[in-house]
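> Model the following, please.
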Amino acid sequence: MEAPPPEARAIGGSPVRWVPPPGIVPADEEWMRFGLGLVAGRLDALRSGAGAVVVRVLDWEVPVLTDHQEEVAAAAVIECLRRHHGIDGVDIGVAFDRERNRYEFT
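Reported below is the predicted structural model:
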């Protein structure tokens, strides 16, 4: 797009901007921004000329709050971009620790 909308937020020092979903809690928002930061260079490569790349996350739902891990927001946004938009190159290293009943990210 020509210019990012006013509600778009920065991703570190990247020219890529993003719009978080409505109602997202601050911890999830921070992790989602972190995940987008990991692929910001790849997203910036999609920019044509002086235009802007804006990622708009339309929805974020946590189905089971007792099992919720905020860092999953980073993994989810990266996987969504990989699966639906071909943004590759980030190995988020996800493994499930059965003893702790948690996902671990490297």
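
> Low-confidence stretches in this protein?
Scanning the chain for pLDDT under 70 picks out 63-67, 89.

> which one's the longest strand in it?
Longest strand of the chain, by residue count under DSSP state E: strand 14-19.

> Check which residues of it are buried.
Of the residues in strand 14-19, Ser14, Val16, Arg17, Trp18, Val19 count as buried by neighbour count, 16 or more other CB atoms under 10 Å. From N, CA and C alone the C-beta is placed, and that goes for glycine too.

> of all those residues, which two lie farthest apart?
For the buried residues of strand 14-19, the farthest-apart pair by CB to CB is Ser14 and Val19; their separation is 14.6 Å.

> follow-up on the earlier one: sheet-wise, list the partners of the longest strand of the chain with their directions.
Partner strands for strand 14-19, per DSSP bridges, with pairing direction: strand 9-11 (antiparallel), strand 54-56 (parallel).

> Please consider this matter closed, and thank you.
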